[in-house]
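Student: Here is a sequence with its predicted model. Questions after.
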Amino acid sequence: MKNLTIILILILGTLGPSFVIAAVGYASIQALGRNPSAAPKIQLSMILAFIFAEAIAVIALLVIFHLFVR
């Protein structure tokens, strides 16, 4: 049961942020295509979304390492 929990957290911890990064990248490219003059605002929002997505991945990895230690 413990191994299944670790595997599930690992899968969700890697696939979740990957999908978020892909969706944000796709949406930002579409937004830049529609309105190139808004590039600074779009870039700032995109970078913040990437940072939060990576933070979720790091937290998931910390949970996995914590489960391995016990």
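Tutor: Sure thing, it's come through.

Student: Go through this structure and flag its longest helix.
Tutor: Secondary structure of the chain per DSSP state H: the longest helix is helix 2-34.

Student: average pLDDT across that helix?
Tutor: For helix 2-34, mean pLDDT rounds to 88.

Student: Name the residues of it that are buried.
Tutor: Applying a neighbour-count criterion of 16 or more other CB atoms under 10 Å, the buried positions in helix 2-34 are 13, 17, 20-21, 24, 28, 31. Using the backbone N, CA and C atoms, a C-beta is placed for each residue, glycine as well.

Student: And that helix, how far out from the chain middle?
Tutor: Computed by CA atoms, centre = their mean, to the nearest Å, the separation of helix 2-34 from the middle of its chain amounts to 5 Å.

Student: Now do that helix: which elements does it pack against?
Tutor: Applying 3 or more CB pairs under 8 Å, 6 or more residues apart in numbering; DSSP states H and E, one finds that helix 2-34 makes contact with helix 39-69.

Student: helices and strands around the helix it packs on, which ones?
Tutor: Counting contacts by 3+ CB pairs under 8 Å, 6+ apart, helix 39-69 is packed against helix 2-34.

Student: what's the angle from the helix it packs on to helix 39-69?
Tutor: With axes from the mean of the first three to the mean of the last three CA atoms, to 10 degrees as the criterion, the two stretches helix 2-34 and helix 39-69 enclose an angle of 180 degrees.

Student: how deep is Val63 tucked in, by neighbour count?
Tutor: By the other CB atoms under 10 Å criterion, the neighbourhood of Val63 contains 15 residues.

Student: which residue packs closest to it, ignoring adjacent ones?
Tutor: In space, Val63 comes closest to Ile9 once its chain neighbours are excluded; the distance is 5.9 Å by CB to CB, 6 or more residues apart in numbering.
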